[in-house]
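**Q** structure for this input, please:
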Amino acid sequence: MKKILIIDDDQFILKVYQKKFETEGLVVETAADGPAALAALRASPPALALLDLMLPGMNGVELLGHMRTLPGCADFPVIVFSHSFDEKLLESARAAGAIQCLNKNSVSPNRLLEIVRAALGGTGPATPAAAAPAARPATAGPSGNREDLRAMLARDASATETRINSQLQAFAASSVGADRLATIDPLRASFERLRLSSDYAALPRLSMLSRAVTFMLEDLREHPDEITASTFRTLARAVEVIPPLFLPRVTQEFEPPCLALVVHNQRGSLRCSPRRYALPDSRPWPSATPPPHSLSSRTIR
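**A** Got it, this is the predicted structure:
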């Protein structure tokens, strides 16, 4: 059986994709940082590597350069699978030998499996002995067990909040200019990971929060002159409400859209408002009342 190495510091991503690929007949090894990945490569080169660029200490491009110098590691395909939107970093990864750069937000687990199989040289199962897996409901997530995913997220909730808080403090303490822009990317990546994880676990309130904050941070990166004290208060409040959203409610599978009226003199806030991201309030939706079919918003400047 062919072995793939998944290199990512997000334990949720590692566990989810390890289960997904092993179910499909692949041998999977994981590494959470550069040193662990290099140790795994020295011990046994894989047939393919999935590489996150946003790693602690040593970024993915640096790791890719190091791995190509190791015995038996010069030729196997490397696919970048990352949250990074930094085009220069992606170009550097391609120049270092990555055969493809994929964004985690836009590639489903099934599509990633197809890409991996194609890169390994075939579209069928990785081994003839591996039986085809039974079909799973599309809503069950890549591991097929939503409750396990929720339990995993709840267990890591404190560490997730601590990490995001630390990144937010670094953003708030940064000086205007390139230093400030550099602190936005890790924070945005954390909320994107949170969105992906909550989508898999069917936690829509947490997913909507992380989507909204991700879009806000993307907008701030494009318009850094609009970063104000209000920006940091909004982000701090978003982080505060994260922990209870890891816990599913009785009505967790269904969350009605809502109508939002945005009154603000900051252009960035108004740009965010037409997007279909909203935080439902805590009131239960009346069961006898059909929900609206779309989120709408009005903005007043």
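**Q** now V107: how far from F191?
**A** Noted for V107: a distance of 18 Å to F191, by CB to CB, to the nearest Å. C-betas here are computed from N, CA, C, even on glycine.
**Q** and the two? Which one has more around it.
**A** Ranked by neighbour count (other CB atoms under 10 Å), V107 and F191 place F191 first, with 26 against 14.
**Q** contacting residues around that one?
**A** 164, 210, 213-214, 217 (CB atoms under 8 Å, 6 or more residues apart in numbering).
**Q** swap in 6 Å and give it another go.
**A** Listed by CB atoms under 6 Å, 6 or more residues apart in numbering, the contact set of F191 reads 210, 213-214.
**Q** ok, which stretches of the stretch 101-250 of the chain are helices?
**A** Secondary structure of the stretch 101-250 of the chain (DSSP state H, counting those that start in this stretch): helices located at 109-120, 146-155, 157-173, 178-200, 204-222, 229-240, 242-245.
**Q** what's the last one packed up against?
**A** Judged by 3 or more CB pairs under 6 Å, 6 or more residues apart in numbering; DSSP states H and E, the packing partners of helix 242-245 are helix 157-173.
**Q** could I get the helix it packs on in PDB with only the CA atoms?
**A** Output of helix 157-173 as PDB, limited to C-alpha atoms (Å, rounded to 0.1, in the frame of the first residue of the first chain):
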ATOM      1  CA  ALA A 157     -11.700  24.300  22.700                       C
ATOM      2  CA  SER A 158      -9.500  25.800  25.500                       C
ATOM      3  CA  ALA A 159      -6.300  25.500  23.500                       C
ATOM      4  CA  THR A 160      -8.000  26.900  20.400                       C
ATOM      5  CA  GLU A 161      -9.200  30.000  22.400                       C
ATOM      6  CA  THR A 162      -5.800  30.500  23.900                       C
ATOM      7  CA  ARG A 163      -4.000  30.300  20.500                       C
ATOM      8  CA  ILE A 164      -6.400  32.800  18.900                       C
ATOM      9  CA  ASN A 165      -6.200  35.100  21.900                       C
ATOM     10  CA  SER A 166      -2.400  35.100  21.600                       C
ATOM     11  CA  GLN A 167      -2.600  35.900  17.900                       C
ATOM     12  CA  LEU A 168      -5.200  38.700  18.500                       C
ATOM     13  CA  GLN A 169      -2.900  40.300  21.100                       C
ATOM     14  CA  ALA A 170       0.000  40.200  18.700                       C
ATOM     15  CA  PHE A 171      -2.200  41.900  16.100                       C
ATOM     16  CA  ALA A 172      -3.300  44.600  18.600                       C
ATOM     17  CA  ALA A 173       0.300  45.200  19.700                       C
END
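**Q** what does that helix contact?
**A** 183, 186-187, 190, 232, 235, 239, 242-243, 246.
**Q** swap in stretch 48-68?
**A** Outside stretch 48-68, the residues that reach it (CB under 6 Å, 6+ apart) are 4-9, 33-34, 41, 73-74, 76-82, 84, 89, 92-93, 96, 119-120, 189.
**Q** just the buried subset of those residues, written out for ChimeraX, thanks.
**A** Here is the ChimeraX command that picks out the buried ones among the contacts of stretch 48-68, judged by 16 or more other CB atoms under 10 Å:
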select :4,5,6,7,8,9,33,34,41,73,76,77,78,79,80,81,82,84,89,92,93,96,119,120,189
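**Q** strands - which of the contacts of stretch 48-68 land there?
**A** Cross-referencing the contacts of stretch 48-68 with the strands (criterion: DSSP state E) gives 4-7, 78-82 as the overlap.
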